[in-house]
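In: from the sequence below, what's the structure:
(one chain, ligands or ions: 1)
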Amino acid sequence: MNLQEGMLTRHSVRGFKDTPVSKELLIDVLRLGTTAVSALNSQPWEFVVLTGELKDKIANANVECFMSGAEEDLQDPVLTGRQRQGMVGVGKQLLTAMDIKREDKEGRIWWSQRGYKFFDAPAVILICMDKACDEVYHRIDIGALCQNIALAAHSYGLGTCVELQAVSYQKGVREYLPQHADKNFIIGIAIGYPDENFPANSVVSARDDVEELTTWYGFDE
Ligand SMILES: Cc1cc2nc3c(=O)[nH]c(=O)nc-3n(C[C@H](O)[C@H](O)[C@H](O)COP(=O)(O)O)c2cc1C
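Out: Below is the predicted model of the structure:
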């Protein structure tokens with residue numbers, strides 16, 4: 001797979017096979033991931049990679065928080081305008097693929113729960129930074145890293161979903177990962193072999209046309 005093919009064919013994966021992902025492969029993916037750009041080459045990222053019982057405990061804690069109606073510690077902002085259209089568009093595509101109707105409250109809750117439990121992926125990568133790091137400044141670095149990890153994983157036939165839901169309730173990570181108390185958990189990436197039969201995995205989210213997003217100067221004179 002060349003770079004362009006990889007970029008064009010990567011999509012978020014939200015349904016995985018049970019097949020475990022080896023530590024060696026995850027190391028390769030993370031090594032490729034860390035070739036990402038970072039401001040001043042600061043490489044602010046660190047990883048906590050979970051599989052098995054500890055992953056499940058944190059997943060369950062997340063779901064419990066969600067079902068209790070607790071407020072998320074890390075929340076998506078309220079989107080407006082073009083950005084909101086993007087969110088609504090992919091949300092509709094996913095629910096349609098999963099055959100969950102708008103009025104199907106239980107189905108929507110079930111779908112949300114999947115995100116909080118890492119979509120039942122065999123592994124999850126939690127990305128954290130020293131609490132001393134400026135989160136706003138380093139957010140671009142973490143974004144570049146996430147995209148790199150997703151593309152690297154894709155090149156090995158793995159699927160990923162970068163997900164705030166993995167850490168949006170912090171109770172689980174704080175309770176079960178006390179040795180990382182000096183870190184901020186920024187985002188998670190569910191990772192595993194894609195289940196080709198899982199309907200949501202067929203969703204291809206739309207992109208706005210670059211011509212509409214771009215102002216050109218000095219080209220057409
Ligand atoms: C910062 C960030 C947070 C995200 N959080 C979630 C999430 O919590 N749940 C989810 O299902 N997808 C999440 N996503 C995945 C996006 O929904 C997805 O990237 C977007 O819809 C574009 O689709 P694509 O990845 O298939 O191209 C997140 C992506 C990013 C970059």
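In: skipping adjacent residues, who's closest to residue 140 in space?
Out: residue 39 (6.8 Å; CB to CB, 6 or more residues apart in numbering). For the C-beta atoms, the positions are set from N, CA and C on the backbone; glycine is no exception.
In: what about that neighbour, neighbour count?
Out: By other CB atoms under 10 Å, the residues close to residue 39 number 13.
In: just read off the phi/psi values of it.
Out: Torsion angles at residue 39 (phi, psi; degrees, to the nearest 10) stand at phi -60, psi 130.
In: let me know the pLDDT of it.
Out: pLDDT, residue 39: 97.
In: I'd guessed it sits against residue 139; true?
Out: No. If you go by CB atoms under 8 Å, residue 39 and residue 139 don't touch, sitting 10.1 Å apart.
In: give the contact list for residue 130.
Out: 44, 46, 182, 183, 184 (CB atoms under 8 Å, 6 or more residues apart in numbering).
In: closest one of those to residue 122?
Out: The closest of the contacts of residue 130 to residue 122 turns out to be residue 46 (CB to CB; 21.3 Å).
In: pretty sure the closest one sits against residue 127.
Out: Yes. Contact criterion CB under 8 Å: residue 46 and residue 127 qualify, at 7.5 Å.
In: returning to that earlier point: the contacts of residue 130: which two are farthest apart?
Out: The distance between the two most remote of those (CB to CB) is 13.5 Å, for 44 and 182.
In: what's the neighbour count on residue 48?
Out: Count around residue 48 with other CB under 10 Å applied: 18.
In: actually, residue 103.
Out: Neighbourhood size, residue 103 [other CB under 10 Å]: 7.
In: ok, now the one 10 residues further on?
Out: Neighbourhood size, residue 113 [other CB under 10 Å]: 16.
In: then residue 152?
Out: The burial count assigned to residue 152 is 21, neighbours taken as other CB under 10 Å.
In: next: residue 158.
Out: When neighbours are defined as other CB under 10 Å, residue 158 has 23 of them.
In: got the phi and psi for it?
Out: When read as degrees, to the nearest 10, the backbone of residue 158 gives phi -90, psi 150.
In: what's near enough to touch it?
Out: Contact analysis of residue 158 by CB under 8 Å, 6+ apart lists 21, 25, 29, 191, 192, 193, 194.
In: nearest to the ligand, of these?
Out: Nearest to the ligand among those, counting by CB to the nearest ligand atom, is residue 194 at 11.7 Å.
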